[in-house]
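[1] Just a sequence and a predicted model for now, questions to come.
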Amino acid sequence: MYVAKETRYETMRYNRCGASGLLLPAVSLGLWHNFGSNASFDNMAALCQTAFDLGITHFDLANNYGPVPGAAEENFGRVLKGSLGAYRDELVISTKAGYVMWPGPYGNWGSKKYLVASLDQSLKRMGLEYVDIFYHHRPDPDTPLEETAAALDGIVRSGKALYVGISNYNKEQTVAIAKLFKEMGTPFIINQRKYSMFVRDIEKDGLKDYAGKNGIGVITFCPLAQGLLTDRYLDGIPADSRVRTDGRFLKEEAVNGETLEKARALNAIAKERGQTLAQMALAWIMRDGDITSVLIGASRASQIVDNVGMLEHMSFTKEELKRIEKIIG
Ligand SMILES: NC(=O)c1ccc[n+]([C@@H]2O[C@H](COP(=O)([O-])OP(=O)(O)OC[C@H]3O[C@@H](n4cnc5c(N)ncnc54)[C@H](OP(=O)(O)O)[C@@H]3O)[C@@H](O)[C@H]2O)c1
């Protein structure tokens, strides 16, 4: 039986999510990988418990995380039932809908029909009465934005989610839906976007700056570029790495000469700073206070420990930032 460490809140930093009352840990754990049907349940439990023991209160899921789709929510439900669920009021659990989940015209995108049914299914799989944040996973070009926004608003009013989030919405799309949420008084608090030293779209489309100035939280996914911004691939492709064990979204081609050259140069700076490349990559994301939380993945508990270690050294000198920019810019 798991009993959480009493020290769990001693080292983590908690940031206010936009202008809301909700605080999120600087490091959150995502269950996109390593929580599928073929993954080890003992490892899943160890990942969640290690995270919580380090003050990671936020666990991020989606209806389709697996494989098979739905498996991550089912497995997380088992972890909760096994022990972690005793701490439900100390946890912020999110899920999403927006990608294909079941056959036919009602299992994808952003209609009210899909979003309401999908959340009901997610709650059943996890054995929960509500999630803390329910996200629309990606913009739907064909459903009126008003319908998607109203569906999310209604979900909060039904008590099945406490807050609303959006994911993969660019700045322009965020401005448009935020206006609708404001009119309805919806507790819209966060946008989940991809951001790392290697993928800087939220700087380019202005979302990073806009969100910070307009009370919207930002949580960044793939902050380690799925492992490319760690020491994982510096000496070849390990057999137990994501590229080899689950190459659906991280292909061998991604581990190329140019990427490795950058990772090695960044690793040298990280070493000078006395931290790992992963720690420096995460600290860099949080360098100017615009980002609420970095949403990491992990295949083993030691990676979570390493990543939370970034909290020990988060500041950069101007010189360091310049050198990093020269490598990644
Ligand atoms: N909203 C969206 O559309 C969307 C899309 C994608 C992801 N997400 C969310 O973002 C979360 C994180 O995505 P991600 O897993 O791609 O994030 P990531 O943190 O960039 O990559 C995680 C992978 O990096 C490696 N790693 C992590 N820490 C390490 C360390 N300290 N040292 C060495 N290697 C380390 C591990 O790879 P190995 O497996 O090789 O060990 C791990 O599985 C997902 O779980 C999900 O919740 C959201």
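    All right, it came through fine.
[2] make it CA atoms for all contacts and neighbour counts henceforth
    Noted.
[3] Okay, strands next: where are they in this protein?
    Per DSSP state E, the chain has strands spanning 14-16, 23-25, 27-30, 58-60, 92-97, 131-136, 161-167, 188-194, 217-221, 293-296. These are given in chain order.
[4] and the ones you listed, which is most packed in?
    Comparing the strands of the chain on average neighbours per residue, with mean count of other Cα atoms under 10 Å, the densest one is strand 293-296 at a mean of 28.
[5] same for that one, what does it pack against?
    Applying 3 or more Cα pairs under 8 Å, 6 or more residues apart in numbering; DSSP states H and E, we find strand 293-296 packed against strand 27-30, strand 217-221.
[6] can you put the strands of the chain in TSV and add mean pLDDT and distance to the ligand?
    Rendered in TSV, the data for those read as follows (pLDDT from 0 to 100; distance: least, Cα to the nearest ligand atom, whole Å):
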stretch	mean pLDDT	distance to the ligand
strand 14-16	98	18
strand 23-25	99	14
strand 27-30	99	3
strand 58-60	99	5
strand 92-97	99	8
strand 131-136	99	9
strand 161-167	99	5
strand 188-194	98	6
strand 217-221	98	4
strand 293-296	98	4
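[7] Reformat those as JSON lines; add distance to residue 302.
    What follows is the strands of the chain, written out as JSON lines (distance: least, Cα to Cα, whole Å):
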{"stretch": "strand 14-16", "distance to residue 302": "21"}
{"stretch": "strand 23-25", "distance to residue 302": "18"}
{"stretch": "strand 27-30", "distance to residue 302": "13"}
{"stretch": "strand 58-60", "distance to residue 302": "17"}
{"stretch": "strand 92-97", "distance to residue 302": "22"}
{"stretch": "strand 131-136", "distance to residue 302": "27"}
{"stretch": "strand 161-167", "distance to residue 302": "28"}
{"stretch": "strand 188-194", "distance to residue 302": "23"}
{"stretch": "strand 217-221", "distance to residue 302": "19"}
{"stretch": "strand 293-296", "distance to residue 302": "13"}
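[8] Pull the contacting residues for residue 324.
    Under the criterion of Cα atoms under 8 Å, 6 or more residues apart in numbering, the contact partners of residue 324 comprise 266, 269.
[9] likewise residue 308?
    Going by Cα under 8 Å, 6+ apart, residue 308 touches 12, 27, 54, 279.
[10] what about the second one, distance to residue 6?
    Just to be clear, that refers to residue 27. For residue 27, the distance to residue 6 under the criterion Cα to Cα, to the nearest Å works out to 19 Å.
[11] if we can go back for a sec, select, out of the strands of the chain, the one closest to residue 328.
    Comparing these by their distance to residue 328 (Cα to Cα), the top pick is strand 188-194, with 16.0 Å.
[12] Can you tell me what sits against that closest one?
    When contacts are defined by Cα under 8 Å, 6+ apart, strand 188-194 is touched by residues 17-20, 163-169, 174, 178, 181, 200-202, 215-223.
[13] what does this structure put close to the ligand?
    Taking Cα under 6 Å from any ligand atom as the criterion, the neighbours of the ligand within the chain are 30-33, 60-61, 137, 167, 192, 221-227, 230-232, 241-242, 278, 295-299, 303, 306-307.
[14] Would you mind writing the CA trace of stretch 199-215 as PDB?
    The C-alpha coordinates for stretch 199-215 follow below in PDB (Å, rounded to 0.1, in the frame of the first residue of the first chain):
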ATOM      1  CA  VAL A 199      10.200  24.000 -31.200                       C
ATOM      2  CA  ARG A 200       9.400  27.600 -30.600                       C
ATOM      3  CA  ASP A 201       6.100  28.200 -32.300                       C
ATOM      4  CA  ILE A 202       4.500  29.900 -29.300                       C
ATOM      5  CA  GLU A 203       7.100  32.600 -29.500                       C
ATOM      6  CA  LYS A 204       6.600  33.100 -33.200                       C
ATOM      7  CA  ASP A 205       2.800  33.200 -33.100                       C
ATOM      8  CA  GLY A 206       2.800  35.500 -30.100                       C
ATOM      9  CA  LEU A 207       0.900  33.100 -27.800                       C
ATOM     10  CA  LYS A 208       3.600  33.000 -25.100                       C
ATOM     11  CA  ASP A 209       3.600  36.800 -24.700                       C
ATOM     12  CA  TYR A 210      -0.200  37.200 -25.100                       C
ATOM     13  CA  ALA A 211      -1.000  34.500 -22.500                       C
ATOM     14  CA  GLY A 212       1.300  35.900 -19.900                       C
ATOM     15  CA  LYS A 213      -0.200  39.400 -20.300                       C
ATOM     16  CA  ASN A 214      -3.800  38.200 -20.400                       C
ATOM     17  CA  GLY A 215      -4.100  35.900 -17.400                       C
END
